[in-house]
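Novice: this one's structure only:
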């Protein structure tokens, strides 16, 4: 019975905007733990990718309290970083330590802020956009709406999420895999690499993938 109640709450609440905005009320240390996870070796992939391809500007959707940012800042060359997360509390965590023109964090995503940020730093676009285990919480329609508005700002995209050529639910009806190759193909992105995700999943391990896309010139 407990398991059924837990699954009911998780499946209907844990992926909502309200939950992520105010998660710190239920779990007071959640954003501290995310920030501390910056030392997780799996996050070094991003800085390795940046250094390998001589990239320097990053946009992250769902940056939380900055675990990827702190990892990249430590391991990559000089970077420019624009981070967005729906949680004001999470953004406050990362923002307090980083008052720098090259770093910008917000809990309200607005295109004018992206335009101004790029202009101030003499950038035309972002070399890389990161979506680290966040898109599974968003409907495909809203994902397409986001890329319709912002895809021209990104050269490379890395998605660490639940991917399947034939989308389906996991056995607990919590994770619904999506076909990100099909979704991003509509915005002129080519899938150039697919590997198993290093981030574990108890219910949807076979769908957990790290996908790398590159914008094709038109």
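Specialist: Structure received. Predicted, not measured: the structure shown is a model, and the values here were computed from it.
Novice: which residues are in contact with the strand or helix carrying residue 145?
Specialist: Using DSSP states H and E, residue 145 sits within helix 140-150. With contact meaning C-beta atoms under 8 Å, 6 or more residues apart in numbering, helix 140-150 is reached by 61, 111, 114, 135, 138, 178, 183, 184, 186, 187. Using the backbone N, CA and C atoms, a C-beta is placed for each residue, glycine as well.
Novice: so which of the residues you listed comes closest to residue 26?
Specialist: Nearest to residue 26 among the contacts of helix 140-150 is residue 138, at 20.9 Å by C-beta to C-beta.
Novice: returning to what we had before: could you dump the contacts of helix 140-150 into TSV and include distance to residue 208, pLDDT and neighbour count?
Specialist: Formatted as TSV, the contacts of helix 140-150 follow (distance: C-beta to C-beta, whole Å; pLDDT from 0 to 100; neighbours: other C-beta atoms under 10 Å):
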residue	distance to residue 208	pLDDT	neighbour count
61	18	98	22
111	31	97	10
114	29	98	20
135	12	97	22
138	17	94	18
178	12	98	22
183	17	98	18
184	18	98	22
186	23	96	11
187	23	97	17
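Novice: And the helices in this protein?
Specialist: Taking DSSP state H, the helices of the chain run over residues 2-13, 17-21, 23-26, 30-36, 44-52, 67-75, 88-95, 111-120, 140-150, 180-185.
Novice: Would you mind telling me which of those is nearest residue 163?
Specialist: Of those, nearest to residue 163 by C-beta to C-beta is helix 180-185, at 5.2 Å.
Novice: which residues make contact with that closest one from outside it?
Specialist: With C-beta under 8 Å, 6+ apart, helix 180-185 has contacts from 135, 140, 143-144, 147, 151, 157, 159, 161, 163, 165, 191, 211, 213.
Novice: Highest neighbour count among these?
Specialist: Most neighbours among these, by other C-beta atoms under 10 Å: residue 159, with 28 neighbours.
Novice: Let me see the contact set for that one.
Specialist: 131, 135, 180, 209, 210, 211, 213 are the contacts of residue 159 under C-beta under 8 Å, 6+ apart.
Novice: and with 10 Å instead?
Specialist: For residue 159, the contacting residues are 61, 129-136, 143, 178, 180-181, 183-184, 191, 197, 209-213, by C-beta atoms under 10 Å, 6 or more residues apart in numbering.
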